[in-house]
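Following is a predicted model, sequence given first.
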Amino acid sequence: MWGKFRFSVSAFVGRATAILIMCGAIAYTVGADIAWAQETANGPVLFTADELTHDRELGLVTARGNVEILQGERVLLADLVSFNQKTQTVIANGNIKLLEPTGEVIFADYVELTNEMKDGVIQHISLLLSENARLVANGARRTNGNTTELAKAVYSPCSVCEDDPEKSPLWQIKAQRVIHDQKARKIEYRNATLEMWGIPVAYTPYFEHPDPTVKRETGFLFPEFGSNSNVGQFFRAPFFWSIADDKDATIDPVFTSDEGIVYSGEYRQRFNNGEFNISGSGAIADREIGDPVVIETRKDQFRGHVFSDARFDIDDQWRTGFDIERSTDQTYLRRFNFFGPSDSTLESNVFLEGFNHRNYMAANGYLFQDTRLGQRPDSPVVFPLLEYNGLGDIDSYGGRWSLDSNFRYLYQEDKSENQRLSVDVGYEIPFTSPLGFVTTIETNLRMDGYNTNHFVARDEAGRRTEDGFTGRIRPELKVDWRYPFVRPDSSGQTVIEPIVALLVSPDGGNSPGISNDDSVVVEIDETNLLDQNRTPGLDRVEGGTRLAYGMRVARYFESGGSMSAFVGQSHKFTTDNVLEAETGLENGTSDIVGRIDVRPSRYLDVFYRFRIDEDDGEVNRSEVGSSIGSSALNFGVNYTFLREGTVDDVAQLDELLLNMRAQWDDNWSVSLFTRQDLIGDIDPLEHSAVLTYEDECFRFDARLRRTFTSSADVDQIDEFVVRLTFKTVGGVETELF
C-alpha cells in the first residue's frame, strides 16, 4: 500500500520543529509534531501526529496523539494509528473519525483498514449521514470504500435527547443487517423493525430506501388507502420513475371498490430554457346526472381529466408557454377528489409574451370549461388575443404618454362571433400647487372597432341585435384633485385627504352591434370608484359626465401600526338606461362605498368593506375580515354579505368563515375551520380540524373534514385523513370514511 516513502520535516507556526534522520537503527522515536508525506500509486499520503515510532525490523509505523491521515478526499483522525508495511494494514484506536468524500462521517472505537483505507472492519460504528441521519451498529465491514455492511444496526434522523442520551429517539429502524451502498446511494435492511418511542410498531423482512443525499430515486412511494362515500374503499401505491436528471414520471393507479381502477400519472421534464409538466387520470365509471330527486345513471362512461403546463424562455425579452385544464364532465374532479381542489372554471391558455423596459406585448389564446352544476351556456373560445401596452418617458413638463392596444377574436356558440380592435392613446400630467393641492389631468382617445355576427335576436338590454361592422371613437378626460392635510405629533402622524374627480366623455357608445362579452359582471367598490370606466372589460363603456368624491383619513404610528378609512360616492349627470340594464351601473347618484383598515400592531389586522344603498340606506354588500393573535394563538373571522340583485348572475350571499390556529410548543399545533350559510336557518357548509406534530425527523397530520353540500353525482363527504411522514424515508397517508 505504502510503496516507497520519503520523510519531510515541518512544523506548525509557533510550535517546535523536529529533525528526522534516517539511520540504521532498528527503531526510533521522534516527537514534537511530525508531518510525513508518502507517495503511492494513487497519489500522496499526508500523515501528521504528535509522536511517530518506526520499527524497521517489524515494518511497523506507529503514530500517537492527534493523528491525521489524508489521502485524496478521504481523511482519518484517531488517537493511535499503526501501519504494518508487510501486511499493508492500518489499525486505528480511540476517537476515530473517517471523513468520506461524499461528506459522510464514520465514528468508531476500533478500525482495521486495507486497500488504501477502502476495505476493513470497524467496531462500535456510528455513521453521520446528510440531513442529520445516523446509522449505529456493534460492528461493520467496509468494501471498496463505498459499501458498509452493519450488523445489529439502528437508523434514525432524530436528534438524541440531551438530558437523557440513552432514551430512544422518536422513531428508529432496527435491523439484523443494514447495507449502505454509497455508490448506489441506497440503504437496505434485512429483518427490520420500525420503533416509535422504543415500541415496535411494524416489521418487514426486507426494506430499502435512498440515503439522505438522494432527492429523486426510482421506486414505490408510500401507499395511501382508506374509504370515502364517493368511491368506497380505495388503495393507491404510486411508482416514481427517475428517468434522468432532467425528467421523471409517476405512475399512480387508484384501486377503488365502487368505481374500479382510476388510472393516473404525471410526467415532468426540465430543459435548458424551460420546463414541461403533464398529469391526468381516466376511469370507466358510472355518472349520475340530474338533481338529487330525479337522477339518471349513465353506465360505464369514460371520465377523466388532464392538467398540463409549460414555460420556455426564447431570449431575455420573450417567453412562451401554455396551461391546460380540462375534464370530461362537471363533477369528475369533485367525485374523484384525488387530484387537488376543483375550481368552478377550468382555464386553458397558450401564450407568447415579451418585455422591453416599460413596454409589454402578448399573444394569447383561451379556452374555458364551466364546471359549476346545472345547465350552463357554452364557454367562449378566445383566439387570438393580441395586446400591447407602452409607457413613455417623463417629458419636460412632467407628463408621460401611454398606448394600449388590443385585438380579440371571440367565438361563443350560443351567443356571437366577433372581432374587436381597440386602441387607447393617453397622456397624464400631475401638478402640485404652492398651497398643497395635488391635481392630475389625464386625457385619452379611445378607438374601438367591432365586426360581429350575432346568434341571438336581442341583447341583454332587450334591443334587437345588429350584425356587421360598427365602432366608436371616444375622447375622455379625467381631472383628479386631492388636498392632503398632514399633522405630525410625538406618536406618529395623521393624514386627512379629500378627493374629487371629474370624469367627462361622450354619452352612449354601447350600440346593439357590440356584443357584451367581457363587461357582464360589474361591482362598484372603493377600488374602481374613481376610474374613468367602472366596467371590468372593454366591450362596455361608461359615457357622460360623472363626479366622484370621497375622503381618506389615516393614522400612522411610530411603532409601525396604522389605521385608515375611505368613504366615497359618485354622481352621474347623464342617463344611460341601456348600460344600467346590462351591467347594473346606476343613473344619478351611486351607492356609498368604503373600506376601513385597522392594524395597530402585528397582533391585530381588521378590515371592513361596505356598500350602502343611496335610496333606502340598506346594506348591499358587507365584508369583514380579521386576524387576531400571534403564532401561538390566532383567530380569524371572515363575513361576507351580498344582497340579492346587487351583482348580475349572483344570488344573495350571507356567509361566515371562522378559523383558529393554536401552537402550544415547538412541535404541536391545531387548526379549526368552519363555514356557515347564514341565509334563513343557519346551515353548516363545511367543518374541518387539523392536528399537527412536527420535529426535525417526523411529521404527523390528522385531518377531520365534513362537507354538507351534495349533487346527483357527488355525496356529502365525511373524511378523516392521517398522514405520517418519516423524514429521509417517506410517509404514509390513510384516509377513512
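Right, received. Where do you want to start?

gap between R534 and Q71?
For R534, the distance to Q71 equals 77 Å [Cβ to Cβ, to the nearest Å]. C-beta coordinates here come from the backbone N, C-alpha and C atoms, glycine included.

Comparing those two, which residue is more hemmed in?
Set R534 next to Q71 and count neighbours by other Cβ atoms under 10 Å: R534 wins out with 23 against 19.

residues contacting the residue nearest to I106 when sequence neighbours are not counted?
Of all residues not flanking I106 in the chain, L98 sits nearest, at 4.1 Å (Cβ to Cβ, 6 or more residues apart in numbering). The neighbours of L98, taking Cβ atoms under 8 Å, 6 or more residues apart in numbering as the test, are R74, V75, L76, L77, V105, I106, A108, V111, M117.

pLDDT check: weakest of these?
Lowest pLDDT among the contacts of L98: M117, with 69.

And what about the nearest residue to T148 once chain neighbours are set aside, helix, strand or coil?
Computed as Cβ to Cβ, 6+ apart, the closest residue to T148 that is not its neighbour in sequence is H180, at 4.6 Å. State at H180, reduced to three classes by DSSP: H, G, I helix; E, B strand; the rest coil: strand.

same deal with the one 4 residues further on?
Assigned by three-state DSSP, the conformation of A184 is coil.

where's it relative to P210, distance?
According to Cβ to Cβ, A184 stands 9 Å off from P210.

Compare the two and say which is more crowded by neighbours.
Comparing A184 with P210 by other Cβ under 10 Å, the one with more neighbours is P210, at 19 against 15.

Just give the closest residue to the more buried one, not the sequence neighbours.
Nearest non-adjacent residue to P210, counting by Cβ to Cβ, 6+ apart: E217, 4.0 Å away.

how many neighbours does T640 have?
Residue crowding around T640 was assessed by other Cβ under 10 Å; the count is 16.

nope, R216 is what I was after
12.

Wasn't it part of a helix?
No - with three-state DSSP as the criterion, R216 is located in coil rather than a helix.

Show me where the stretch 551-700 of the chain has its helices.
Here the stretch 551-700 of the chain has its helices, by DSSP state H, counting those that start in this stretch, at 577-583.

Same question for the chain.
332-335, 577-583 (DSSP state H).

and those as TSV, adding mean pLDDT, distance to Y360 and mean neighbour count?
Converted to TSV, those look like this (pLDDT from 0 to 100; distance: least, Cβ to Cβ, whole Å; neighbours: other Cβ atoms under 10 Å):
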stretch	mean pLDDT	distance to Y360	mean neighbour count
helix 332-335	86	33	23
helix 577-583	83	28	19
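
max-length strand in the chain?
The longest strand of the chain (DSSP state E) is strand 295-313.

give me the beta-bridge partners of E224?
Beta-bridge pairing of E224 under DSSP bridges involves R236, E733.

picking up where we left off before, please name whichever of the helices of the chain is nearest to Y693.
Nearest of the helices of the chain to Y693, taken as Cβ to Cβ: helix 332-335 at 30.4 Å.

Please export the C-alpha coordinates of the closest one as CSV.
C-alpha atoms of helix 332-335 as CSV (Å, rounded to 0.1, in the frame of the first residue of the first chain):
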residue,chain,number,x,y,z
TYR,A,332,-65.4,14.3,-12.1
LEU,A,333,-62.8,16.2,-10.1
ARG,A,334,-65.2,16.6,-7.1
ARG,A,335,-66.2,12.9,-7.1
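
Distance from that helix to the middle of the chain?
Centroid separation for helix 332-335 versus its chain: 23 Å, with Cα atoms, centre = their mean, to the nearest Å.

Is there a neighbour count for K186? I'd like the number.
Look at K186: counted by other Cβ under 10 Å, it has 16 neighbours.

the strands in the stretch 401-550 of the chain, which residues?
Along the stretch 401-550 of the chain, counting by DSSP state E, counting those that start in this stretch, strands occupy 416-432, 438-454, 468-482, 485-489, 492-505, 544-557.

Just the buried residues of the third one, please?
Meaning strand 468-482. Under the neighbour-count criterion of 16 or more other Cβ atoms under 10 Å, strand 468-482 has R472, R474, E476, K478, D480, W481, R482 buried.

so what does that strand touch, helix or strand wise?
Helices and strands touching strand 468-482, as assessed by 3 or more Cβ pairs under 8 Å, 6 or more residues apart in numbering; DSSP states H and E, comprise strand 438-454, strand 492-505.

Mind listing the strands that strand pairs with, and their directions?
strand 438-454 (antiparallel), strand 492-505 (antiparallel).

what's the angle from that strand to strand 544-557?
Relative orientation of strand 468-482 versus strand 544-557 (axes from the mean of the first three to the mean of the last three Cα atoms, to 10 degrees): 40 degrees.

Let me see the residues that make contact with strand 468-482.
Residues outside strand 468-482 that contact it (Cβ under 8 Å, 6+ apart): 437-452, 497-506, 509, 511, 513-514, 530, 532, 541, 543.

same check, this time on stretch 294-301
Contact with stretch 294-301 is made by I284, A285, D286, R287, E288, I289, G290, T328, A712, as judged by Cβ under 8 Å, 6+ apart.

and if we set it to 7 Å?
By Cβ atoms under 7 Å, 6 or more residues apart in numbering, the list of residues contacting stretch 294-301 from outside reads I284, A285, D286, R287, E288, I289, G290, A712.

Mind checking which of the residues you listed are buried?
Buried members of these, scored by 16+ other Cβ under 10 Å, are A285, R287, I289, A712.

What sits closest to the third one if chain neighbours are left out?
Read it as I289. That would be E296: by Cβ to Cβ, 6+ apart, it lies 5.3 Å from I289.

What separation do you get for the one you found and D258?
According to Cβ to Cβ, E296 stands 18 Å off from D258.

the more surrounded of those two?
For E296 and D258, the more surrounded residue by other Cβ under 10 Å is D258, and the numbers stand at 14 against 9.

so what pLDDT did that one get?
In this model, D258 is scored at 84, pLDDT.

Test my guess that it contacts F234.
No - using Cβ atoms under 7 Å, D258 is not in contact with F234; the gap is 8.9 Å.

before we move on, back to that, buried among the contacts of strand 468-482? Make that a PyMOL selection.
In PyMOL syntax, the buried subset of the contacts of strand 468-482 is picked out as below (16+ other Cβ under 10 Å):
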select buried, resi 440+442+443+444+446+448+449+450+451+452+497+499+500+501+503+504+505+509+511+513+514+530+532+541+543
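
So, low pLDDT: which residues of the protein?
Applying pLDDT under 70 to the chain flags residues 1-45, 117, 291-293, 341, 374-377, 645-651, 680-681, 730-737.

how about 50 then?
1-32, 732-737 (pLDDT under 50).

Walk me through the domains of it.
When the chain is parsed with automatic domain parsing, its domains come out as 6-219, 380-601, 609-710.

Please produce CSV containing the helices and strands packed on strand 468-482, extended by distance to L170.
Below are the helices and strands packed on strand 468-482 laid out as CSV (distance: least, Cβ to Cβ, whole Å):
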stretch, distance to L170
strand 438-454, 62
strand 492-505, 49
